[in-house]
Structure formats: structure tokens, C-alpha cells
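> Have a look at this fold, sequence not included:
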């Protein structure tokens, strides 16, 4: 598997799993009805560095971005987001993307990384913890989960 | 003192203290060099409900906004921001604006309010705590304060 910077032509191969993940409404705080155009503006924003994971057959199986979580005097703290094709779950793609993004962020001079809103029932919480992230706190009952009802949103952090 | 919804003509009376506060680089995670045009786009964004505090002489002495802190399944949690003219500090304007915004948010159906990045040295922390906000967690050393060096950013929360 290869991880490389995304190019504009990658978007049509990101969108199918992006849409599937956001439409499910279980992990992201974006509107499940987000249009392709709005999704592209969110994910491929100029301020974001975007990466794709490509399998040996050339398929785009995941994507991640890294950007500043804040501006001005706090611009040294990064934020990142991750999407892995649900059909390719459990193959280490999320971990590989995360390790890549952590390395890129550190090399870019960021001192830490924050995830602002990790749904507490998201299995990725275990992955983030195994990568050294800690839960700084949890916004209670913030997220209306379609199967679990109201669940919390973790703020997670790791120094770089 | 009157608190009312802001209109477009209020902006030129908000900008002087907005600029002074953000340029000081002690409380907001926005670029201290933010231009007036960019500031207006940030503060008066269509997704925000914006209020102003007006003193008995008709001067705009503070402003606040309320909006959703997240989208999609977490859109029931509000965010707010506050600016009080530094020349009018200590007169209860921030508290009056906060009480107004909390009431507006609750009436608008929000279940809770989150402040994502409260600089831990900001005297307003005491005000938020007195209004029922708790510190959910603190991103360590996230903010480069011009006088105090690197300080933390609190994530604060109150149910509505």
C-alpha cells in the first residue's frame, strides 16, 4: 500500500466512501446529506494537506488530511481527519494513514494534534489511543447516533 | 444597557474593539493581523446570530454571536464568542451578553454550549465558571501568549 499526496483527480475515488461514511451518520459531525461539491470543499480545502492510501491494484482505499486546528497564536497545533473505505476496514489502512499524518505534522513543525469531536462509540478511539492520543474530555450527549442514541464527543490530543 | 440583534451597520462600531482584542493576541485563536474584511466574514457569518450591547449613550460596547458548534448529528450543541470593548471592562457587559446568548441558545433548541479554545489565562474563565461552565479538558501549551509564553486552551461546556 502506498500513501501519497492527493491530487484533484483523486476526489472522484474518495467521494464514494466519503459519502457512505458521512451518510451513515455514526462518526462525523457533518451533515449526512452533504453534497459532493460541499464534501470536496470540506475535504480538499486549500488549507488542508490531503493524502490518499492506494492499494496494490491502484484503488484509493482511504484518505486523510492535516491542517491547523486553530489560527493565530495557536496555529502550532494540528488537526487531522481520516476516512477508510468501509469495505477495507480492519486492514491497517487507518493506522498507516495516521502514522503518515503524524509524521507529516511533526515534520511541518506542529507541536501537537487535536481531534475536536471523536464520537465515543467510534472504534477508531482504540486506534487513536494506541497511537498515543489521550482523551482530554468528553462533551456529553452531543452526538445523535442512529443506533446508540445520544453519545459523547471526545476531544483527543497527542503531543508531537 | 440594551442587547439587541446586530445589523450590518453595527460592524464599523464592532471592528475597533474586535481589532484591538485580536491584535493583542491574548485571548483569541485568530490571526492578530486579521483584516477588517476577514474579521467581518468571521464575526458576521450568515450561520451566526450576532448581538450587540449598546450603552445608554448609544455606543456599541460589546458583541457576541451564537451558532452551531458542530454540524450533522451534533448540531444540537451551540458555540458562542464574545468581545467587550476593553475600555469598558469590568462593567458586567460580558456577563449580560453571555446570559443573553445562553437564553437565546436554549430557546433555539440547543442542548448545550461548548467553547472550544478558551485561553487558560483569560480572566473570562472565571466568568464562564460562574455561569455554570465546566472545564472538560485543556490542550496543553497550545497558545503562544505574548506575556505568559505557552499556555493551555480549555474546552468548556455547559448544558442548557
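Perfect, I can see it now. Computed from a predicted structure; not experimentally measured.
> Regarding residue A:16, what is its secondary structure?
Secondary structure, DSSP: H, G, I helix; E, B strand; the rest coil: residue A:16 is helix.
> With residue B:11 as the reference, measure out to it.
In this structure, residue A:16 lies at 42 Å from residue B:11, with C-beta to C-beta, to the nearest Å as the measure. C-beta coordinates here come from the backbone N, C-alpha and C atoms, glycine included.
> does residue A:158 sit in a helix, a strand or a coil?
Going by three-state DSSP: residue A:158 is strand.
> That one - how many residues pack around it?
18 (other C-beta atoms under 10 Å in any protein chain shown).
> hmm, back to that, which one of residue A:16 and residue B:11 is surrounded by more residues?
Each of residue A:16 and residue B:11 has its neighbours counted (other C-beta under 10 Å); residue B:11 has more, 19 against 13.
> Grab the nearest non-local neighbour of the more buried one.
residue B:40 (5.5 Å; C-beta to C-beta, 6 or more residues apart in numbering or on different chains).
> what's around the one you found, how many residues?
17.
> Is residue A:12 in a helix, a strand, or coil?
Applying three-state DSSP: residue A:12 is helix.
> so who does it touch?
Residue A:12 makes contact with no residue, according to C-beta atoms under 8 Å, 6 or more residues apart in numbering or on different chains.
> In chain A, mark out all the helices, start to finish.
A:11-24, A:36-43, A:93-107, A:124-130 (DSSP state H).
> Run through who's touching the second one.
With C-beta under 8 Å, 6+ apart as the contact definition, helix A:36-43 has outside contacts at A:11, A:14, A:15, A:18, A:19, A:22, A:30, A:34, A:50, A:63, A:65, A:81.
> Next, format those residues as a markdown table and append pLDDT and distance to residue B:109.
Output for these, formatted as a markdown table (pLDDT from 0 to 100; distance: C-beta to C-beta, whole Å):
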| residue | pLDDT | distance to residue B:109 |
| --- | --- | --- |
| A:11 | 98 | 35 |
| A:14 | 98 | 33 |
| A:15 | 98 | 32 |
| A:18 | 98 | 29 |
| A:19 | 98 | 28 |
| A:22 | 98 | 23 |
| A:30 | 97 | 20 |
| A:34 | 98 | 21 |
| A:50 | 98 | 35 |
| A:63 | 98 | 34 |
| A:65 | 98 | 31 |
| A:81 | 98 | 27 |
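> Which of those residues has the largest number of neighbours?
residue A:63 (27 neighbours).
> any idea how far residue A:41 is from it?
Distance, residue A:63 to residue A:41, by C-beta to C-beta: 15 Å.
> got it, and residue A:18?
12 Å.
> Share the number of residues neighbouring residue A:89, please.
Around residue A:89 there are 13 other residues, counting by other C-beta under 10 Å.
> cool, and residue A:49?
16.
> What residues does chain A have near chain B?
A:22, A:25, A:28-32, A:34, A:70-77, A:111-112, A:114, A:116-117, A:135-146, A:153, A:155, A:157, A:159 (C-beta under 8 Å from any C-beta of the partner chain).
> are any of these buried, and which?
A:22, A:25, A:28-32, A:34, A:70-77, A:111-112, A:114, A:116-117, A:135-145, A:153, A:155, A:157 (16 or more other C-beta atoms under 10 Å in any protein chain shown).
> So which of the residues you listed sit within strands?
Per DSSP state E, strands hold the following members of those: A:77, A:112, A:114, A:116-117, A:135-145, A:153, A:155, A:157.
> and residue A:94, how many residues sit next to it?
Neighbours of residue A:94 (other C-beta under 10 Å): 22.
> likewise the one 4 residues further on?
By other C-beta under 10 Å, the residues close to residue A:98 number 21.
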